[in-house]
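Undergrad: A predicted structure for the sequence below; I have some questions about it.
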Amino acid sequence: MGAPMSEHAVELRAAWLRHVAPDTTLLDRLLARHRERHRRYHGVDHVAWVIRHVDELAGDEAVADLGAVAAAAFYHDAVYEPANPANERASARLARRDLTGLGWAAERVERVATMIEATATHTDPAAEIAAPTDIDGAVLLDADLAVLAADPAAYREYSAGIRAEYGHLDDAEWRAGRASVVRGFIDRQWIYTTGSGRRRWEHRARANLAAELAELTERAG
């Protein structure tokens, strides 16, 4: 017998069966990707939390196709190499291939791919303009960023995981790059796109980001 599945893997299997397909062969391959050794934050646990937050936000927002949002959540970090600027595009290509193979309609597949590619703007100060205006895409983006509003200990764990994933950068390079990302979030009018995301997470996320930026600046000095 193989090793027992983790709680999050069990949760993801149930979500896949509910939202994506009655067969889990592709899910098993997808979870294998999320267990790659270089992943310290963008792993199975991250996907499970994004799915949870999608369901949470969908309770308040007028989501048109919850299955498509869930599929985008499953695939949004399917390809993840920290030094590669085209991860989201590659993840969208994989989603197109897999969902088409499952028999999803072409228009629906393309909506999933569009949502996945929109997650690339999370590190772009212009993301407010670039982000999709439809509620489904907004829910995915907000669910992906919910970690920014974690309690301080969990936030430090998240930022440490990101730092580990960018281990190819020296400390000075990391501080400069990460500070730019953090400032980009802080400088937005809103971090979250949905009203429910703003009510739940905006204040705490800004506090966490401000604290991280202060620490990064202090270390640089």
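TA: That came through, no problem.

Undergrad: Okay, strands next: where are they in this structure?
TA: Counting by DSSP state E, the chain yields no residue ranges for strands.

Undergrad: Now for it: which helix has the highest residue count?
TA: helix 195-220 (DSSP state H).

Undergrad: So which other helices or strands are in contact with that helix?
TA: Helices and strands touching helix 195-220, by 3 or more CB pairs under 8 Å, 6 or more residues apart in numbering; DSSP states H and E, are helix 135-145, helix 152-165, helix 171-186. All C-beta spots, glycine's among them, are computed from the backbone N, C-alpha and C.

Undergrad: Sort out which residues of it are buried, please.
TA: Of all the residues in helix 195-220, those buried under the rule 16 or more other CB atoms under 10 Å are 196-197, 200-202, 204-206, 208-209, 212-213, 216.

Undergrad: can you put those in TSV and add distance to residue 30?
TA: Below are those laid out as TSV (distance: CB to CB, whole Å):
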residue	distance to residue 30
196	27
197	25
200	27
201	26
202	31
204	30
205	28
206	33
208	29
209	30
212	30
213	34
216	33
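
Undergrad: average pLDDT for stretch 191-206?
TA: Across stretch 191-206, pLDDT averages out at 96.

Undergrad: which regions of the protein sit below the pLDDT cut-off?
TA: 1-5, 122-133, 221 (pLDDT under 70).

Undergrad: With distance to residue 59 and mean neighbour count added, can I get the helices and strands packed on helix 195-220 in JSON lines?
TA: As requested, the helices and strands packed on helix 195-220 are exported to JSON lines (distance: least, CB to CB, whole Å; neighbours: other CB atoms under 10 Å):
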{"stretch": "helix 135-145", "distance to residue 59": "10", "mean neighbour count": "24"}
{"stretch": "helix 152-165", "distance to residue 59": "22", "mean neighbour count": "15"}
{"stretch": "helix 171-186", "distance to residue 59": "25", "mean neighbour count": "15"}
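
Undergrad: Which one of the ones you listed lies nearest to residue 49?
TA: Residue 49 lies closest to helix 135-145 among these, at 8.1 Å (CB to CB).
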